[in-house]
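Trainee: Provided below are the primary sequence and the corresponding predicted coordinates.
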Amino acid sequence: MFIAAASGCGDDDQPAGDTDGESSASGDGPTTGTPPTPPTATDGAPTPTTGADSTGEPPDTTSGDSTGDDTGSTGGEKGYGGNILIPELLEGNDFDLVIDEGTHTFTADGRPSDTAGYNGGLLGPTMVWTQGEDITISLTNEMADDTTTHWHGAHVSPENDGGPHQMITSGGGVWNPGFEVLNAAATMWYHPHLHEETANQVRRGLAGFIIVRDAIESALDLPREYGIDDLPLVLQDKQLDDNGVLLTAPDRGNTMTVNGTADAYKEVPAQLVRLRLLNGSLEYAYQLEFSDGRPFQIIANDLGLLEAPVQLTSLRLAPGERFEVVVDFGDDEGDSVTLRSLNSELGMGIIGGPTPMAVGLEGTDFDVIRFDVEGPTGTPTTELPAQLTTHAIPSEVGAVPHPMVMTQSVDGFLLNGASMNMQVINEYVEGETTEIWSIENQTAVAHPFHIHDVHFFVLDRDPVGPAPAVEAEDYEAGPKDTILVLPGETVRFIADFDDFTFDPADGIAQAAYMYHCHILPHEDDGMMGQFAVCPPGNQICEP
Ligand SMILES: [Cu+2]
């Protein structure tokens, strides 16, 4: 279910037991099974989403079927509509997600595609988790294929992690994880993690946002009117045919989408607007800039706030990564500003950048989303705080070195010489220790390295050649879980492995966390391994 959007999203079934009165926020309006048809519009653009007021509530979704024949246009006073889906917000402590096939139309004049989503035909609702709260999530898999659902970035025990071992079987299988939210405020996401099928299932549409709130972030004057000045934006390329229908190959797509919509646009208020940018693509990285080159402020990395905003004019976003960006539209009322990706500027070896045998969007420059600036809300954030938070970065003194080498073989890309084996724990970490992982990329391709369970702080990057290592850039100095490692480069990060040690009597599914490349076809091909956190002093962790 999504807030009404012109780009049609018709799920086949209404989610069963989807609202229990606790897990669902306002705006519960399941879309019906009406096949989506191209929207009618006077100016060639799709009908905007139903308007929202400035109360912070998500826009009303009662028009529901998103067939484009609801002529409500911008709804009341101020629209802040657009053609992108703004996922429904789910708040509370108990969440219900139904995973199912559906249909979705990616382009304004295209035909519907066969897709999959959580509680709808594509993507999924945005869950709000609050630090310190105990939550439960009920997931029901109504698809014809098995799946798993991983909470990317969450600090949870292995059996709650949703990795490849936590299977949710097809045809009605149920998984009920439950845990305390330990993460700090962040933009996280959830997606399938079924070994060898992750790329296919994400391609079909399975992905959703998690917004974690905590006391520190909540006390700051930051834009947080969801769907208005606080926008979740998942960037995904898709391979579409001439009718706009999703194809299952190649993995490098020809069409940019934001929240499932090509030629994306969104109306925004003339004030500071927060963009929660997620690269949910299979392979591509993006080099993001605004059409007029305006600066923007980075306020958060993957797993939380930076200590202070960092100003950039261009931002590289690798698969799996998130950045929270604040951009000032205060002087732009009545104008449009476009976020573009200048993939011609990505370095060699970064997928999405220039390459001699370029396909799809590789090496090209293209629009990502256009922002049409309307009047301000009644309660704009007018200035960012100078300080956002403080971080206790673990000490390098006494930290355990943990080398990790990326190599290429005839069997594909390897991590420490191994390809993924579901029955093998490749690496052990002693609990209650701090480790420094050094990720050395000996391949010709840049790989975004992702580790489950922990957040890390990037220490430095040692480029190929004799040049010395350089400290992490200010804009990536916050807590992260995914880091792009360039060809020939070694990136070092430091992380505390405090808890969630395994019990020696446990099976692998209760003990193993994943680390892997977040280029999903690489991961599916085996560029993944498993680690477990030993009880302190356990002999299996001894060298
Ligand atoms: Cu890779």
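Mentor: Structure's in. What do you need?

Trainee: ok, the residue of the stretch 351-500 of the chain found nearest the ion - contacts?
Mentor: Across the stretch 351-500 of the chain, no residue is closer to the ion than residue 447, which sits at 3.4 Å (CB to the ion). Where C-beta positions appear, they are placed from N, C-alpha and C, glycine not excepted. Taking CB atoms under 8 Å, 6 or more residues apart in numbering, we find residue 447 in contact with 406, 413, 441, 484, 485, 517, 519, 522, 527.

Trainee: and these as JSON lines, adding neighbour count, secondary structure and distance to residue 370?
Mentor: Output for those, formatted as JSON lines (neighbours: other CB atoms under 10 Å; DSSP: H, G, I helix; E, B strand; the rest coil; distance: CB to CB, whole Å):
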{"residue": "406", "neighbour count": "24", "secondary structure": "strand", "distance to residue 370": "37"}
{"residue": "413", "neighbour count": "22", "secondary structure": "strand", "distance to residue 370": "36"}
{"residue": "441", "neighbour count": "26", "secondary structure": "strand", "distance to residue 370": "35"}
{"residue": "484", "neighbour count": "23", "secondary structure": "strand", "distance to residue 370": "27"}
{"residue": "485", "neighbour count": "22", "secondary structure": "strand", "distance to residue 370": "33"}
{"residue": "517", "neighbour count": "28", "secondary structure": "strand", "distance to residue 370": "32"}
{"residue": "519", "neighbour count": "27", "secondary structure": "coil", "distance to residue 370": "28"}
{"residue": "522", "neighbour count": "25", "secondary structure": "helix", "distance to residue 370": "32"}
{"residue": "527", "neighbour count": "26", "secondary structure": "coil", "distance to residue 370": "35"}
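
Trainee: Go back to the residues you listed and keep what's next to the ion.
Mentor: Among the contacts of residue 447, the residues lying close to the ion (CB under 5 Å from the ion) are 517, 519, 522.

Trainee: Hmm, residue 284 and the second one touching each other?
Mentor: Looking back up the chat, that one is residue 519. No - using CB atoms under 8 Å, residue 519 is not in contact with residue 284; the gap is 9.0 Å.

Trainee: any residues in contact with both of the two?
Mentor: By CB under 8 Å, 6+ apart, residue 519 and residue 284 have these common neighbours: 319, 351.

Trainee: Close to the ion: what parts of this structure are there?
Mentor: Counting by CB under 5 Å from the ion, the chain sits next to the ion at 447, 517, 519, 522.

Trainee: Sketch out the low-pLDDT regions of the stretch 201-350 of the chain for me.
Mentor: Along the stretch 201-350 of the chain, segments meeting pLDDT under 70 are nowhere present.

Trainee: mind listing the helices for it?
Mentor: Secondary structure of the stretch 201-350 of the chain by DSSP state H, counting those that start in this stretch: the helices cover 215-218.

Trainee: Show me where this structure has its helices.
Mentor: Using DSSP state H, the helices of the chain run over 198-203, 215-218, 508-511, 520-524.

Trainee: hey, C-alpha coordinates of the second one in CSV?
Mentor: Put plainly, it is helix 215-218. In CSV, the C-alpha atoms belonging to helix 215-218 read as follows (Å, rounded to 0.1, in the frame of the first residue of the first chain):
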residue,chain,number,x,y,z
ALA,A,215,16.0,11.2,21.8
ILE,A,216,19.0,12.9,20.3
GLU,A,217,17.7,13.3,16.8
SER,A,218,14.2,14.0,18.0
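
Trainee: what's next to that helix, contact-wise?
Mentor: Counting by CB under 8 Å, 6+ apart, 131, 184, 185, 305, 388, 389 sit against helix 215-218.

Trainee: switch the cut-off to 6 Å
Mentor: 185, 389 (CB atoms under 6 Å, 6 or more residues apart in numbering).

Trainee: List the buried residues in stretch 90-98.
Mentor: Neighbour-count burial for stretch 90-98, with 16 or more other CB atoms under 10 Å as criterion, is recorded at 90, 91, 92, 94, 95, 96, 97, 98.

Trainee: ok, the second one touching residue 126?
Mentor: Looking back up the chat, that one is residue 91. No - the criterion here is CB atoms under 6 Å, and residue 91 misses it with residue 126 at 9.4 Å.

Trainee: How is the chain divided into domains?
Mentor: Following automatic domain parsing, the chain resolves into domains at 230-374, 400-541.

Trainee: okay, these, which one's buried deepest?
Mentor: domain 230-374 (a mean of 20; mean count of other CB atoms under 10 Å).

Trainee: Poorly predicted segments of this protein, please.
Mentor: 1-78, 542-543.
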